[in-house]
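Novice: Return atomic coordinates for the entry below.
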Amino acid sequence: MNIAQYLDSTYLKTPAQSGLSSEETLQKDIELTQEAIENGIFAVMIRPDYVSEIKKYIQENNSNVVVGTVIGFHEGTDSIDAKLEEATKAIADGADELDFVINYNAYLKGNLSLVKEEFVKCTQLCLQHHKIAKWIIEIAALTKNQIADLTKNISNWAEENFSENDLSKIFVKSSTGFYETTDRKPNGATFEGIKIMLDNAGKLSVKAAGGVRTPEDAEKMINLGVKRIGTSSALGLIKNQSASEEY
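Specialist: Predicted coordinates for the structure are as follows:
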């Protein structure tokens with residue numbers, strides 16, 4: 001199986017989180033991108049601040065590697081206007097795909113109307129600019145029933161508000177990789193969680209992010225039905241090695 005075509009090779013630590021400078025962080029993103037170019041990895045997933053430089057680097061290297069970025073990362077509690085503003089800039093900077101953290105805290109508090117509004121408005125922005133929109137629901141923060149319910153709601157909102165052709169450009173994604181769990185519970189994709197998402201995503205695609213640490217796990221996720229896998233160990237996975245990092 002050609003795992004590389006399913007992978008979003010990811011580096012999402014801020015300079016403050018990693019202890020690196022902005023210049024050093026950009027260099028890490030460039031190295032990540034070069035790995036993707038050389039190994040047929042589908043996409044790189046980076047912070048918005050670095051999109052324009054990485055897009056330029058890819059174009060200079062005549063590559064088709066896709067540039068993805070994150071919006072409202074990682075807690076998802078930014079206002080709708082703030083997410084729209086961040087997404088608009090990312091699109092202007094050259095992002096091809098935008099992974100939004102849905103306001104799962106609002107969902108948990110029962111404010112479904114806010115969650116629906118941000119989904120519709122932000123997805124509409126992406127589709128108007130021919131971009132892919134992925135919605136991170138943070139499954140580690142949800143119960144099994146909540147994973148099913150939120151995924152189903154997203155699927156219903158998509159079908160109610162967008163055309164059949166647009167549905168292929170909308171994903172539901174499992175995790176940020178930054179959520180802090182207790183009792184050493186996984187904070188990324190699990191087979192159980194992904195199966196629930198797949199069962200409720202309707203016509204939308206599912207992305208498994210975090211927790212895919214071996215080539216065997218990647219193949220199992222793909223065989224379950226996921227269309228993309230987010231990982232900080234993309235090169236290891238395609239070279240038949242176990243992941244060296246947590247995400």
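Novice: Mind checking which residue lies nearest the centre of the protein?
Specialist: Asp99 (4.5 Å; C-alpha atoms, centre = their mean).
Novice: Would you verify that that one is located in a strand?
Specialist: Yes. According to DSSP: H, G, I helix; E, B strand; the rest coil, the state of Asp99 is that of a strand.
Novice: what bridges to it?
Specialist: In this structure, Asp99 bridges to Val70, Lys134 when assessed by DSSP bridges.
Novice: From Glu85, how far out is it?
Specialist: 16 Å (C-beta to C-beta, to the nearest Å). C-beta: built from backbone N, CA, C; applies to glycine.
Novice: Point out where this structure drops to low pLDDT.
Specialist: Along the chain, the model assigns pLDDT under 70 to residues 242-246.
Novice: can you do 80?
Specialist: 241-246 (pLDDT under 80).
Novice: Which parts of it are strands?
Specialist: Using DSSP state E, the strands found in the chain span residues 7-11, 43-46, 66-71, 97-101, 132-136, 170-173, 205-209, 228-231.
Novice: highest average neighbour count across those?
Specialist: strand 228-231 (a mean of 28; mean count of other C-beta atoms under 10 Å).
Novice: How about residues contacting that strand?
Specialist: With contact meaning C-beta atoms under 8 Å, 6 or more residues apart in numbering, strand 228-231 is reached by 3, 6-10, 42-43, 45, 134, 171, 173, 175, 177, 205, 207-210, 212, 218, 221-222, 237, 243, 247.
Novice: on that earlier part again, to Phe119, which of the strands of the chain lies closest?
Specialist: Set against Phe119 and scored by C-beta to C-beta, the strands of the chain come closest in strand 132-136, at 6.5 Å.
Novice: Tell me which other helices or strands that closest one touches.
Specialist: strand 66-71, strand 97-101, helix 112-128, strand 170-173 (3 or more C-beta pairs under 8 Å, 6 or more residues apart in numbering; DSSP states H and E).
Novice: residue boundaries of the helices in this structure?
Specialist: Using DSSP state H, the helices found in the chain span residues 15-18, 22-39, 51-60, 80-93, 104-108, 112-128, 144-161, 191-200, 215-224, 234-238.
Novice: Deepest in the core, which of the ones you listed is it.
Specialist: Greatest average neighbour count among these goes to helix 234-238 (a mean of 22), per mean count of other C-beta under 10 Å.
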